[in-house]
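Chemist: All I have is the shape, not the residue letters:
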């Protein structure tokens, strides 16, 4: 049973017809939708009820599974060979890697711009709240301002969550292609200059991604105190955190590439690290 935790565009419309095998696979099974409840406080009634419902459904599915004789399928050598023939080869994976990296960088830029927009709106509302306090206006004025902020940042926060998830997914899809290239380089006694440039680019990509991540974390931390002021802000700030999590997931993939690149470059890696911003 799949727990639907964060919105995935491919699951929203005709997932069974998706070109993504993972989307088609997930769509075949029960989806327990917890997208709203995941943003509730862990000790809230809504969250506890959702967990209880999930547990009850798991018990039900486990009982149904006991009633079915599930015999594992053992593939023959011919079937394994046929399965491998249907999958992408090294060249296909490398082509996919070339196409995906610009998309990942564009998504990272979208996330950065979205968070900057949210930060600007948050700062403006914070200034308005301070001015309202000086004028002697009460909590109703503050609540009105936080509700307005929640409305204004709702869409950019949702876009952040979508872009963050897509960023992590693009890099996960890119992973096999990059490792295919690294595996190929590893077979050489000495990397060619072209290969060394590829390895340097991976190290530089890791440095840039971590710098962007630090900026996102700083912006989110600066806006966090405002999020605790009103319940209406929990959902958009939860979406922002989801967007950042996608960045963290994607950057973890890049860091593995960079470490392999450093190992393959050997002494040349030190020069690359000194040149990185």
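Modeler: Sure, I can see it. Just so it is clear, the model here is predicted, and its values are computed rather than measured. Numbering: from 1, shown residues only.

Chemist: ok, and the closest non-adjacent residue to residue 54?
Modeler: Leaving aside its sequence neighbours, residue 54 sits nearest to residue 32 (C-beta to C-beta, 6 or more residues apart in numbering; 5.5 Å). (C-beta placed from N, C-alpha, C; glycine too.)

Chemist: Give me the number of neighbouring residues for that neighbour.
Modeler: Here the number of neighbours of residue 32 (other C-beta atoms under 10 Å) works out to 17.

Chemist: Can you name the residues that contact it?
Modeler: Residue 32 is in contact with 1, 2, 3, 4, 53, 54, 57, counting by C-beta atoms under 8 Å, 6 or more residues apart in numbering.

Chemist: For it, name its beta-bridge partners.
Modeler: Going by DSSP bridges, residue 32 is paired in beta bridges with residue 3.

Chemist: hey, where'd the helices end up in the stretch 101-250 of the chain?
Modeler: Counting by DSSP state H, counting those that start in this stretch, the stretch 101-250 of the chain has helices at residues 139-186, 193-227, 234-265.

Chemist: What is the burial count for the closest residue to residue 198 other than its chain neighbours?
Modeler: Distances taken as C-beta to C-beta, 6+ apart place residue 181 nearest to residue 198, at 6.7 Å, with adjacent residues excluded. Using other C-beta under 10 Å, residue 181 is surrounded by 20 other residues.

Chemist: next one: residue 191
Modeler: With other C-beta under 10 Å as criterion, residue 191 counts 19.

Chemist: Return the residues in contact with the closest residue in space to it that isn't next to it in sequence.
Modeler: Nearest non-adjacent residue to residue 191, counting by C-beta to C-beta, 6+ apart: residue 185, 5.3 Å away. By C-beta under 8 Å, 6+ apart, the contact set of residue 185 is 191, 195, 198, 199, 264.

Chemist: Now restrict those residues to buried residues only.
Modeler: By neighbour count, with 16 or more other C-beta atoms under 10 Å, these hold 191, 195, 198, 199, 264 as buried.

Chemist: I figured residue 143 hits residue 231, correct?
Modeler: No. Between residue 143 and residue 231 there is no contact under C-beta atoms under 8 Å: 9.9 Å.
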